[in-house]
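> I need the structure of the sequence given here:
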Amino acid sequence: MVRNIHMILEYDGGKYHGWQRQNGQSTVQGRIEHVLKQMTGEDIELIGASRTDAGVHALGQSANFFCRSSLPIEEMEAYLKQFLPDDIQVISIREAEPRFHARHLAIGKHYRYQIWNGEKKNIFERRYYYQIRQKLDLDAMREVIPLLTGTRDFRIFTTALSKDKSAFKRLDSITMEVEGPKIFLHFKGDSFLHKMVRMLTGTLIQVGLHELSKEDVLSLMQSSREKRHILTAPPHALFLVEVYY
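Now for the predicted structure:
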């Protein structure tokens, strides 16, 4: 009997060339599939809800796989916890309905970008924050957020868009959380284009540094091609927080 197994995973993406399996590269998907094959004796294809980029982390990546193994869920969980590398962890694992598909059935995702805004270095968390030494104008950033949200064509916020893929996305909200020098930008929407969150973050940072005005952002949003002003924030401070179904 074929079983459908659904997992929630967290991982530190710092050592990996993204989620998606690539020949000759170390990826999160490839590493987990290697352990799953050892566990089941089967060639496993792991389906991830989000194909996170190189260096991007996850607190709640959703993934499923099909297998014929009769191992109980509890034994699968124990095996994965023992043999997965220290930077990948199974948060939960369960039997799913036969038709469950982690990517196709997802109705929304939540990403978080982490900024360290201060002169002093954040030594112990530096791998997970993007440091900006100049004081950001948070009010200016908040003022342009409504211009960036909604259902619209986001092609200016991606570096790669195939001809058969739509750039129309629904960005439900961007919220800002401030804790001293730490600034957390939360992005929630139905789905995201390649590097979209990082380019939206870069735009907000440029507004906060007064490199872009509200009028500049409005002009960008009304264009389908203009990209030269957009900063792509680095990947090491981006986290996939949760996938919604």
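
> Now do the strands in the protein.
Using DSSP state E, the strands found in the chain span residues 3-11, 47-48, 57-67, 88-95, 108-117, 130-132, 150-153, 168-179, 182-189, 238-244.

> Tell me which of those strands sits nearest to N23.
strand 47-48 (17.6 Å; Cβ to Cβ). In short, each C-beta sits where N, CA and C put it, glycine included.

> contacts for the closest one?
With contact meaning Cβ atoms under 8 Å, 6 or more residues apart in numbering, strand 47-48 is reached by 19-20, 28-29, 61-65, 101-103.

> try 7 Å this time
Strand 47-48 is touched from outside by 19, 29, 61, 63-65, 101-103, with contacts defined as Cβ atoms under 7 Å, 6 or more residues apart in numbering.

> and which of these is nearest E10?
Checking those against E10 by Cβ to Cβ gives Q61 as the nearest, at 7.0 Å.

> Nearest residue to the closest one in space, please, no chain neighbours.
The shortest distance from Q61 to any non-neighbouring residue, by Cβ to Cβ, 6 or more residues apart in numbering, is to L9 (4.5 Å).

> what do you get for Q89?
E10 (5.2 Å).

> show me the contacts for that neighbour.
58-61, 89, 91.

> Distance of it relative to W116?
Distance, E10 to W116, by Cβ to Cβ, to the nearest Å: 21 Å.

> tell me, how many neighbours does the closest residue to I145 other than its chain neighbours end up with?
Closest residue to I145 apart from its sequence neighbours, by Cβ to Cβ, 6+ apart: I174 at 4.8 Å. I174: 22 surrounding residues under other Cβ atoms under 10 Å.

> these two touch, right, I174 and L148?
Yes - using Cβ atoms under 7 Å, I174 is in contact with L148, at 6.1 Å.

> shared neighbours of those two, anything?
Between them, I174 and L148 share no contacting residue under Cβ under 7 Å, 6+ apart.

> any low-confidence regions in this structure?
161-164, 224-228 (pLDDT under 70).

> center of it - which residue?
Nearest to the geometric centre of the chain sits L240, at 3.7 Å (Cα atoms, centre = their mean).

> partner residues bridging it?
Beta bridges link L240 to A58, Y111, judged by DSSP bridges.

> Please determine how far it is located from G24.
Counting by Cβ to Cβ - L240 and G24 are separated by 24 Å.

> same deal with T203?
34 Å.

> More neighbours: which of those two?
More crowded of T203 and G24, by other Cβ under 10 Å: T203, with 27 against 5.

> ok, the closest residue to the more buried one other than its chain neighbours - how many residues close by?
Once flanking residues are discounted, T203 sits nearest to I230: 5.7 Å by Cβ to Cβ, 6+ apart. Counted by other Cβ under 10 Å, the residues lying close to I230 total 19.

> give me every residue that touches I230.
Taking Cβ under 7 Å, 6+ apart, we find I230 in contact with 156, 199, 202-203.

> Show me how the protein divides into domains.
Domain segmentation of the chain under automatic domain parsing yields 3-95, 108-244.

> now, which of the contacts of E10 sits nearest K135?
Once Cβ to Cβ is applied, the member of the contacts of E10 that ends up nearest K135 is L59, at 28.4 Å.
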